[in-house]
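>>> Got a sequence here, can you model it:
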Amino acid sequence: MRRLVRIALATVLALAIMGLVGLTAMRFVVTSRSWPIMAAAFASYAVLGFVVTLAVSLLLLRGTRHRSWVLAAVVASAVGVAAHLYWSGPLYVGGGGRPDLVVMSANLEFGHGDAATVVRTAASRDVDVLVLQEVTPQVNSALERAGLSRLFPHHVGQPAHGASGTMVFSHFQVAEILPLTLGNGGLDVRVATIVPFRLLAVHTAQPVKGPVAWRRDLGVLRERARAAVHEGPTLAIGDFNATQDHALFRRVLGEGMRDAAEEAGSGWQPTWPSKWRGTSPRPLVALDHVLTSNGFTAVRTSTIEVPHTDHLALVVEVRTGSDD
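Numbers count the residues shown, from 1 in each chain. Sure thing, here's the model as predicted:
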């Protein structure tokens, strides 16, 4: 009987560790299939499983004479925990300082997001540049009634039905407006602050519906980020439909950009799905980002709940200049 119990425990533990290793491996997979892309978004959760298998393995290590397989489970679990801590550790280091610029991103989910909350948040947080996704004609009118144009005299982009209405609202003059050909709309503009910068307003295709388009969009974004960073200070803001566990997103970062939440040491800040939906106790993954190039340093980031949309808004405070 004891032998059967040991075999059962070994089998369950081995299957659990293999599953966790497989989930972790999704971080390095580049594919046009939707299920690996979706799995990769949750790869960081594998650390919780590795902690459990490590604890179970250590307990079993004390209670069996046949330790070789248990030692293997301990080593595999410990390596898994260490790897995930290495990848997530930078989220909790750094940040601080006085900002020169405040930017905000909010996905309004087909125009259902509460316009008054967006405007009120932008006013109370002294937002200088606001990037909105999924702006429909109806919510654009609601934003106007709530006083958005009084806060931001300059804007580019057009509302649209569905998910393709990406717009930029700014205290500063916006010029050199170029399209950023992403599945759900994008903009490439120059913002005329004291130190002018390029702004990429981002809303990529949803990978669950269009994985091929999602992969193409991140390729387009990577190329445009490379060109923009080469020219000077750049911010990329919006709904990337990707997390740092996606290899293609990390390739965008590899073009000289940094995730503001990581740079500011803000910790893990998931933005989707929002709490109000009731489908989860809190947001599960970070799909919304502000990316900074050399010339900017993120000092603080925070998320704000906007009623009637499935994304939290993201507010990021940055200062001009970098720590390099």
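
>>> So which elements touch the lowest-mean-pLDDT helix or strand in the chain?
Least confident helix or strand, the chain: helix 2-25 with a mean of 86, by mean pLDDT, DSSP states H and E. On a contact count with 3 or more Cβ pairs under 8 Å, 6 or more residues apart in numbering; DSSP states H and E, helix 2-25 meets helix 46-61, helix 68-88. (Each C-beta comes from the backbone N, C-alpha and C, glycine too.)

>>> roughly how far out does the longest one sit from the chain middle?
Distance of helix 68-88 from the chain centroid (Cα atoms, centre = their mean, to the nearest Å) equals 26 Å.

>>> Can you point out the buried residues in that helix?
For helix 68-88, a neighbour-count test (16 or more other Cβ atoms under 10 Å) marks 69-70, 73-74, 76-78, 80-81, 83-84, 87-88 as buried.

>>> hmm, back to that, mind putting the helices and strands packed on helix 2-25 into JSON lines with distance to F172?
Shown next, in JSON lines, are the helices and strands packed on helix 2-25 (distance: least, Cβ to Cβ, whole Å):
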{"stretch": "helix 46-61", "distance to F172": "41"}
{"stretch": "helix 68-88", "distance to F172": "35"}
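
>>> got a markdown table for these, with distance to A115 and mean pLDDT too?
A markdown table is the format used below for those (distance: least, Cβ to Cβ, whole Å; pLDDT from 0 to 100):
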| stretch | distance to A115 | mean pLDDT |
| --- | --- | --- |
| helix 46-61 | 37 | 93 |
| helix 68-88 | 35 | 94 |
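
>>> Could you chop the protein up by domain?
Structural domains of the chain, as assigned by automatic domain parsing, span the residue ranges 2-91, 96-320.

>>> which one of those is the most hemmed in?
domain 96-320 (a mean of 20; mean count of other Cβ atoms under 10 Å).

>>> Report the mean confidence score over it.
For domain 96-320, mean pLDDT rounds to 95.

>>> Identify the residue nearest G19 in space, chain neighbours excluded?
G49 (7.5 Å; Cβ to Cβ, 6 or more residues apart in numbering).

>>> on that earlier part again, and the least confident helix or strand of the chain with helix 46-61, angle?
Interaxial angle, helix 2-25 versus helix 46-61 (axes from the mean of the first three to the mean of the last three Cα atoms, to 10 degrees): 160 degrees.

>>> Return helix 2-25 as PDB; C-alpha atoms alone will do.
The C-alpha trace of helix 2-25 is given here as PDB (Å, rounded to 0.1, in the frame of the first residue of the first chain):
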ATOM      1  CA  ARG A   2       2.800   2.400   0.900                       C
ATOM      2  CA  ARG A   3       4.500   1.700  -2.400                       C
ATOM      3  CA  LEU A   4       1.200   2.500  -4.200                       C
ATOM      4  CA  VAL A   5       0.900   5.800  -2.300                       C
ATOM      5  CA  ARG A   6       4.500   6.700  -3.200                       C
ATOM      6  CA  ILE A   7       3.800   6.000  -6.800                       C
ATOM      7  CA  ALA A   8       0.600   8.000  -6.800                       C
ATOM      8  CA  LEU A   9       2.300  11.000  -5.100                       C
ATOM      9  CA  ALA A  10       5.300  10.800  -7.500                       C
ATOM     10  CA  THR A  11       2.900  10.800 -10.400                       C
ATOM     11  CA  VAL A  12       0.800  13.700  -9.200                       C
ATOM     12  CA  LEU A  13       3.900  15.700  -8.300                       C
ATOM     13  CA  ALA A  14       5.600  15.000 -11.600                       C
ATOM     14  CA  LEU A  15       2.500  15.900 -13.600                       C
ATOM     15  CA  ALA A  16       2.100  19.100 -11.700                       C
ATOM     16  CA  ILE A  17       5.700  20.200 -12.200                       C
ATOM     17  CA  MET A  18       5.500  19.200 -15.900                       C
ATOM     18  CA  GLY A  19       2.400  21.400 -16.300                       C
ATOM     19  CA  LEU A  20       4.100  24.300 -14.500                       C
ATOM     20  CA  VAL A  21       7.200  24.000 -16.600                       C
ATOM     21  CA  GLY A  22       5.000  23.900 -19.700                       C
ATOM     22  CA  LEU A  23       3.100  27.100 -18.600                       C
ATOM     23  CA  THR A  24       6.400  28.800 -17.900                       C
ATOM     24  CA  ALA A  25       7.800  27.800 -21.300                       C
END
